[in-house]
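Participant: no sequence for this one, just the structure:
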């Protein structure tokens, strides 16, 4: 299957996605659909999680990459393929190429997480580190394609890639036929475009909502302008949807098939990742957790049953550690504060006794006596506490004030 010979903006059809589904049989997993009681209670309707984080290579990207490479002519396969990615697309291209017996070269940013670099190499690709942002890496991969004749495999801006990703939409309708809203994260738009095409072609009554990170939201201004608009210097922890400009092919499909695009904050992303880990027992990367972030941000605005697509689970352990701390802080699970005490023996022990009574776990204590702002008999204490939520935070602060302490911040 290939769209070679057609205009790149040729109107894709449901049959194209069904053809991709047949091609992917035995290659991509039909990933699980898991219910979430917690999210269902918030939304007031059933919420199902489509677990593409459990797909081979840890994300949906294998689907589109395989369909694209499988459609190459023999002479193109012989020339090899090249891709650029910070991680998920890289792994999808690497595995698809290995399965199809095609040589793959993958350019990755210099700062790409080491586990993603290692996994891409283990799938058999020749990994080359170049550039510090994905745009620089993309330019290097495109230059390599021109110099060597290798076929450039774009992460989202190609019809074959989009229909491959659209197979997620077919699975959603098969696994949850009563669905009324599908929520999916968006970077360049390939996944949302494919899902929108598949779902709306069969069920035009189902609402498809795309989600972008606030700091990398190129779709809202693009949709308002009627054409792709670049966002300068996108910033977000969700590297899987950190794309500065929508692709031309997915943009046209998003215009037609995606009902709404919402944005979510970094706090919401980290809280969503933490919720997936704690409540659903699913490890999801920030980009994959973006639909859950949207549900947490405005749960009453979704018509159920809802399917949230967890698009990937490839998260660097160091980033995971930072995101979990951020998510716990955003959820009221950490409390940091400064206060002044009398500088005398036993003062710190008395303070800690108050915290023991209110069951606050002390993670770190900084005791300062030499700051010129302090009086002769004063000391400043900075506390980092593990708490049980916003109400517990307020209880801790009230207990300290009742004990005579002044909280400085």
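Facilitator: Right, received. Where do you want to start? Quick caveat: nothing in here was measured; it's all calculated off a predicted structure.
Participant: now the helices: where do they sit in the stretch 51-200 of the chain?
Facilitator: Assigned by DSSP state H, counting those that start in this stretch, the helices in the stretch 51-200 of the chain fall at 61-70, 74-79, 88-100, 114-122, 134-148, 159-175, 190-202.
Participant: How about the host helix or strand of residue 269, which residues are buried there?
Facilitator: Assigned by DSSP states H and E, residue 269 belongs to helix 266-279. Buried residues in helix 266-279, defined by neighbour count with 16 or more other Cβ atoms under 10 Å: 266, 267, 268, 269, 270, 271, 272, 273, 274, 275, 276, 277. For glycine as for every other residue, the C-beta is placed from the backbone atoms N, C-alpha and C.
Participant: what stretches of the stretch 201-350 of the chain score poorly on pLDDT?
Facilitator: 327, 343 (pLDDT under 70).
Participant: mind listing the helices in it by residue range?
Facilitator: With DSSP H, counting those that start in this stretch as the criterion, the stretch 201-350 of the chain has helices spanning 219-225, 248-257, 266-279, 290-297, 317-330, 347-357.
Participant: Quickly compare those helices and say which is most buried.
Facilitator: helix 290-297 (a mean of 27; mean count of other Cβ atoms under 10 Å).
Participant: Residue 96 contacts residue 62, doesn't it?
Facilitator: Yes: using Cβ atoms under 8 Å, residue 96 and residue 62 qualify as a contacting pair, with a distance of 6.1 Å.
Participant: so what's residue 192 up against?
Facilitator: Residues counted as contacts of residue 192 (Cβ atoms under 8 Å, 6 or more residues apart in numbering) are 184, 185, 186, 208, 210, 250, 254, 258.
Participant: returning to what we had before: and the contacts of the helix holding residue 269?
Facilitator: 36, 38-39, 49, 213-215, 236-238, 264, 282-286, 289-290, 292-297, 310, 315, 320, 323-324, 326-328, 330-331.
Participant: Compute the inter-axis angle for it and helix 290-297.
Facilitator: Here helix 266-279 runs at an angle of 100 degrees relative to helix 290-297 (axes from the mean of the first three to the mean of the last three Cα atoms, to 10 degrees).
Participant: count of neighbours near residue 386?
Facilitator: For residue 386, the count of nearby residues is 13 (other Cβ atoms under 10 Å).
Participant: And for it, nearest residue in space, chain neighbours not counted?
Facilitator: residue 361 (4.1 Å; Cβ to Cβ, 6 or more residues apart in numbering).
Participant: likewise residue 66?
Facilitator: According to Cβ to Cβ, 6+ apart, the nearest residue to residue 66 is residue 96 (4.0 Å).
Participant: Now do the same contact list for the one you found.
Facilitator: 62, 65, 66, 68, 69, 70.
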